[in-house]
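K.L.:
need coordinates for the following:
(chains A, B, C and D)
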Amino acid sequence: MDKKKVKNIFTEGPVEAAFIADSIAKHATKTSIGGHSIFLGQVRADMVDGKQVEAIEYTSHVEMALETMSAIREDIFAKYALTCMHVHHSLGIIKAGEICLFVFTSSKHRKDAIDACTACVERIKAELPVWGKEIFEGEGYQWKINN
Amino acid sequence: MDKKKVKNIFTEGPVEAAFIADSIAKHATKTSIGGHSIFLGQVRADMVDGKQVEAIEYTSHVEMALETMSAIREDIFAKYALTCMHVHHSLGIIKAGEICLFVFTSSKHRKDAIDACTACVERIKAELPVWGKEIFEGEGYQWKINN
Amino acid sequence: MIEVMFFGQFKDATGVSSIMVEEVANTDMLIQMMKKRYPALESSTYMIAVNNAMVTENTIIRHGSKVAFMPPFSGG
Amino acid sequence: MIEVMFFGQFKDATGVSSIMVEEVANTDMLIQMMKKRYPALESSTYMIAVNNAMVTENTIIRHGSKVAFMPPFSGG
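P.N.:
I've put the predicted structure just below:
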């Protein structure tokens, strides 16, 4: 384990719209920012063999995920001219329609924020040890597969 | 002028964080959405020859801008599998740190929302008849140039 | 009559947001007329829209049309 | 001792989130041991992390290490 600062990204339960608004509002004092890019992952009520997903339960290898996220953050700051980047991922049961992932990047010129946000989301999906269990209405579940 | 429905995108003054939160929250009932992409344009306090931009005053050829935006919207819905797209652009004086552009796309799979959002922002910057006058602290101004 | 509108720095340069002019056959003739009246337009990069549609070639202007003189866009 | 952790469907399959095992020389030997104890692992796609670092080749396991058995990630 190296010495780089490890920030928490996990929050129990969904990411609330009010929390997102608060994050946005906090950037009003950073007047070198010209563009923000935000990605929000929302739980879908998919139909699977006639059963409807009513929620996803997220679990993680938290310690490893936070270290992995720190490395991703370092890479992204090295590659893009960002002012800041914030990542929040839900753990626990997140109902269909609720938000489970919030990635927020800001930069002077829009391209850096946009490209960094997309890169961050792709790396989160591919590299973070997080698992989603899709819980069906009534009973049963299946394990989510990322593509 | 053709018959396609023309939606207003202009709002006097800045886009408030609470308005963005409200827009996000409204999508909780659309449970076929898996990803949202948001771009926010924020007014920068740039330094120009020792003078600091304190605000941008936006004006538009509104009628033409709304028709242009309708055409952009149609193109983007034809190209990407979107659930919905919302665009808000400020008019009037927007202070440094305030938000002047809000583009919000949603789709089942993230790639459509992300690509559509970026495409929409680029087209807005290139094609909408909107002008920004950068007002300096103290006195003076210059006309904004997009790149 | 034709309505001629000026936006952005052209509104500054001409001091008006729109004027009414008598019939003018086409955009080339209107541009000439406006440059004469407002010399500040002479050295500027401008775009022309007739009834909200951008035109890049000389275009006939019908009665009751609105013609916009627009500097490069800088929205967003 | 070594801590062996199971995540996602492997926690379901093994019925435990972590177990302590005596020293095992390397990851290949640990994998063999775990597949024997939990046959459900046999047919699964798994990834292994030793002390939070992914390993793809046989890796020495030092005393006090934590080894994670992880199914494909599905966050976000």
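
K.L.:
quick one, grab the pLDDT at the residue nearest to A:Glu16 when sequence neighbours are not counted.
P.N.:
Leaving aside its sequence neighbours, A:Glu16 sits nearest to A:Ile99 (CB to CB, 6 or more residues apart in numbering or on different chains; 7.7 Å). Where C-beta positions appear, they are placed from N, C-alpha and C, glycine not excepted. Per-residue confidence (pLDDT) for A:Ile99: 98.

K.L.:
next up, the contacts around A:Ile99.
P.N.:
Contact partners of A:Ile99, counting by CB atoms under 8 Å, 6 or more residues apart in numbering or on different chains, are A:14-17, A:20, A:40-43, A:90, B:24.

K.L.:
swap in 6 Å and give it another go.
P.N.:
Counting by CB atoms under 6 Å, 6 or more residues apart in numbering or on different chains, A:Ile99 touches A:14-15, A:40, A:42.

K.L.:
ok, the residue lying farthest from the centre of chain A to A:Gly140 distance?
P.N.:
For chain A, the largest distance from the centre (CA atoms, centre = their mean) belongs to A:Gly50, which lies 28.9 Å off. Look at A:Gly50 and A:Gly140: by CB to CB, to the nearest Å, they are 11 Å apart.

K.L.:
please apply the same query to C:Asn58.
P.N.:
Distance from C:Asn58 to A:Gly140, by CB to CB: 69 Å.

K.L.:
over to A:Ala113?
P.N.:
For A:Ala113 relative to A:Gly140 (CB to CB), the value is 41 Å.

K.L.:
more neighbours, those two?
P.N.:
More crowded of A:Ala113 and A:Gly140, by other CB atoms under 10 Å in any protein chain shown: A:Ala113, with 28 against 11.

K.L.:
which helix or which strand is home to the more buried one?
P.N.:
Using DSSP states H and E, the element containing A:Ala113 is helix A:110-127.

K.L.:
strands along chain A, start to end?
P.N.:
With DSSP state E, the ranges of strands along chain A come out as A:10-12, A:35-42, A:47-48, A:51-60, A:82-95, A:99-107, A:130-136, A:141-143.

K.L.:
the first one packs against which elements?
P.N.:
This means strand A:10-12. strand A:82-95 (3 or more CB pairs under 6 Å, 6 or more residues apart in numbering or on different chains; DSSP states H and E).

K.L.:
tell me the centre residue of chain A?
P.N.:
A:Leu101 (3.2 Å).

K.L.:
show me what contacts that one?
P.N.:
By CB under 6 Å, 6+ apart, the neighbours of A:Leu101 are A:41, A:89, D:76.

K.L.:
what sits closest to residue 46 if chain neighbours are left out?
P.N.:
Answering for chain A, as no chain was given. The shortest distance from A:Asp46 to any non-neighbouring residue, by CB to CB, 6+ apart, is to A:Val53 (4.7 Å).

K.L.:
think we crossed wires, I meant chain C
P.N.:
C:Phe69 (5.5 Å).

K.L.:
could you measure from the one you found over to C:Asn51?
P.N.:
14 Å.

K.L.:
more neighbours: which of these two?
P.N.:
Taking neighbours as other CB under 10 Å, C:Phe69 and C:Asn51 compare with C:Phe69 leading, 25 against 17.

K.L.:
what residues are bridge-paired with residue 48?
P.N.:
You didn't pick a chain, so chain A it is. A:Lys51 (DSSP bridges).

K.L.:
actually chain C
P.N.:
With DSSP bridges as the criterion, C:Ile48 is bridged to C:Val55, C:Phe69.

K.L.:
closest residue of chain A to chain C?
P.N.:
Ranking the residues of chain A by distance to chain C (CB to the nearest CB) places A:Arg110 first, at 8.2 Å.

K.L.:
so what's the residue count around that residue?
P.N.:
23.

K.L.:
leaving out chain neighbours, which residue sits closest to C:Lys11?
P.N.:
C:Ser17 (5.3 Å).

K.L.:
so what's the residue count around that neighbour?
P.N.:
11.

K.L.:
ditto for A:Val6
P.N.:
With other CB under 10 Å as criterion, A:Val6 counts 17.

K.L.:
again with A:Arg123
P.N.:
For A:Arg123, the neighbour count with other CB under 10 Å is 17.

K.L.:
surely it meets A:Arg73?
P.N.:
No: taking contacts as CB atoms under 6 Å, A:Arg123 lies outside contact range of A:Arg73: 9.7 Å.

K.L.:
mind checking how far C:Pro71 is from chain A?
P.N.:
Look at C:Pro71 and chain A: by CB to the nearest CB, to the nearest Å, they are 21 Å apart.

K.L.:
same check, this time on C:Thr14
P.N.:
30 Å.

K.L.:
residues in contact with C:Phe7?
P.N.:
B:61, C:70.

K.L.:
phi, psi for it please.
P.N.:
Per-residue torsions, C:Phe7: phi -120, psi 160 (degrees, to the nearest 10).

K.L.:
so which of the strands of chain A is nearest B:Ala81?
P.N.:
strand A:35-42 (15.4 Å; CB to CB).

K.L.:
read off the pLDDT value for A:Asp2.
P.N.:
48.

K.L.:
now the longest helix seen in chain C: buried residues?
P.N.:
Using DSSP state H, we find that the single longest helix of chain C is helix C:27-37. Of the residues in helix C:27-37, C:27, C:30-31, C:34-35 count as buried by neighbour count, 16 or more other CB atoms under 10 Å in any protein chain shown.

K.L.:
mind saving the C-alpha coords of stretch A:79-87 as CSV?
P.N.:
Extracted as CSV, the C-alpha positions of stretch A:79-87 are listed here (Å, rounded to 0.1, in the frame of the first residue of the first chain):
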residue,chain,number,x,y,z
LYS,A,79,-3.7,13.3,-18.4
TYR,A,80,-6.4,16.0,-18.3
ALA,A,81,-6.1,19.7,-17.2
LEU,A,82,-8.8,19.4,-14.5
THR,A,83,-9.6,21.8,-11.7
CYS,A,84,-11.3,19.1,-9.7
MET,A,85,-12.9,15.7,-9.8
HIS,A,86,-15.4,14.1,-7.5
VAL,A,87,-16.7,10.5,-7.4
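
K.L.:
before I go, just wanted to say thanks for your time.
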